[in-house]
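Undergrad: Model the structure of this input:
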Amino acid sequence: MIKINVVGCTGKLGIMIIKTILNKKDVELIDAIGRKGNQYIGQDISVIIGGQNRGIIISDSILDAKECDVFIDCTNAENFIANNIEQYKKKKKPLVIATTGFDNNSLEQIKKLSVEMPVLQSGNFSIALHDFIETLKFAVKRISVDTDVQIIEFHHNQKKDAPSGTAKMIQDALIQNNMRLNYDNVKICSVRGGNIFGEHQVIFANCKDEVTEYKHQVSSREAFSNGAVDVAKWLSNQQNGAYNMDDFCGRYS
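TA: Residues are numbered from 1 along each chain as shown. Reported below is the predicted structural model:
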């Protein structure tokens, strides 16, 4: 039984991760942590997930959290760097970072953190999305020199970062697998609207009147929460170091 603490539990993804943990038999939710001043601090998690009391009170301190095997942090980049990272240094527990929007300096701080504990940070925890990117890596090597490459990503209207972390992952993969491509000729178009969970399109358009489109779409946050929990189980048994979804998905290869 893997014991998990969820940080950022009152957000949309945090709530879904908690529900996912509670529905699995091989993991256990030990603590749920929100931001200081959050309206739900001190209340049972039932106020955010519904149903009867679960006996788990939402707290506001990572340092005072109950002992666990692994943390899942789904707050936001600003709060993670400003408030959470120093607390994780003291706890020294495996850490899954399920948030995006980090700048290069923040990513460097996360890399230093991974010297002291196993850390996996990803812009997307969908296993199918990882397979989608692997397909793109193969396809982009075969495009003709007259082919233009563009990325279009769609998300809900409350998503703060644009382009998304997933779109940047796709962009990096395309550029790394075709020497002709760079950040100037592989642009990302970001669309924000309604409750769109996430959709990413990659378009290959050549000058011979041919267009090839690749698309990955999710219809609920369960794809992300299931992936994050599976990653947390795996990370709890890893050595100190920085990991990504390639490491997790490549464990069977």
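
Undergrad: hey, where'd the strands end up in the stretch 151-253 of the chain?
TA: For the stretch 151-253 of the chain, the strands defined by DSSP state E, counting those that start in this stretch cover 186-192, 198-205, 211-218, 241-243.

Undergrad: Which residues does the shortest one contact?
TA: Residues outside strand 241-243 that contact it (C-beta atoms under 8 Å, 6 or more residues apart in numbering): 110-111, 114-115, 118-121, 235. C-betas here are computed from N, CA, C, even on glycine.

Undergrad: Just the ones of those residues in strands?
TA: Mapping these onto strands (DSSP state E) picks out 118-121.

Undergrad: how about the lowest-mean-pLDDT helix or strand in the chain: buried residues?
TA: Of all helical and strand segments in the chain, the minimum by mean pLDDT, DSSP states H and E falls on helix 245-249, at a mean of 90. For helix 245-249, a neighbour-count test (16 or more other C-beta atoms under 10 Å) marks 245, 247-249 as buried.

Undergrad: before we move on, what about stretch 184-204?
TA: 186, 188, 196-204.

Undergrad: And for stretch 151-159?
TA: For stretch 151-159, using 16+ other C-beta under 10 Å, the buried residues are 151-155, 159.

Undergrad: Out of those residues, which one has the lowest pLDDT?
TA: Ranked by pLDDT, the buried residues of stretch 151-159 bottom out at K159 (85).

Undergrad: What distance do you get for that residue to A223?
TA: Look at K159 and A223: by C-beta to C-beta, to the nearest Å, they are 16 Å apart.

Undergrad: for K187, what are its contacts?
TA: Neighbours of K187 in contact, by C-beta under 8 Å, 6+ apart: 150-151.

Undergrad: Who does it form a beta bridge with?
TA: Residues in a beta bridge with K187, per DSSP bridges, are Q150.

Undergrad: Looking at this structure, which residue reaches furthest from the middle?
TA: The outermost residue of the chain relative to its centre, with distances by C-alpha atoms, centre = their mean, is K208 at 37.8 Å.

Undergrad: Could you find the closest non-adjacent residue to it?
TA: The spatially closest residue to K208, leaving aside those adjacent along the chain, is D146, at 7.4 Å (C-beta to C-beta, 6 or more residues apart in numbering).

Undergrad: Assign the one you found to helix, strand or coil.
TA: coil (DSSP: H, G, I helix; E, B strand; the rest coil).

Undergrad: Now it, what are its backbone angles?
TA: phi -100, psi 10 (degrees, to the nearest 10).
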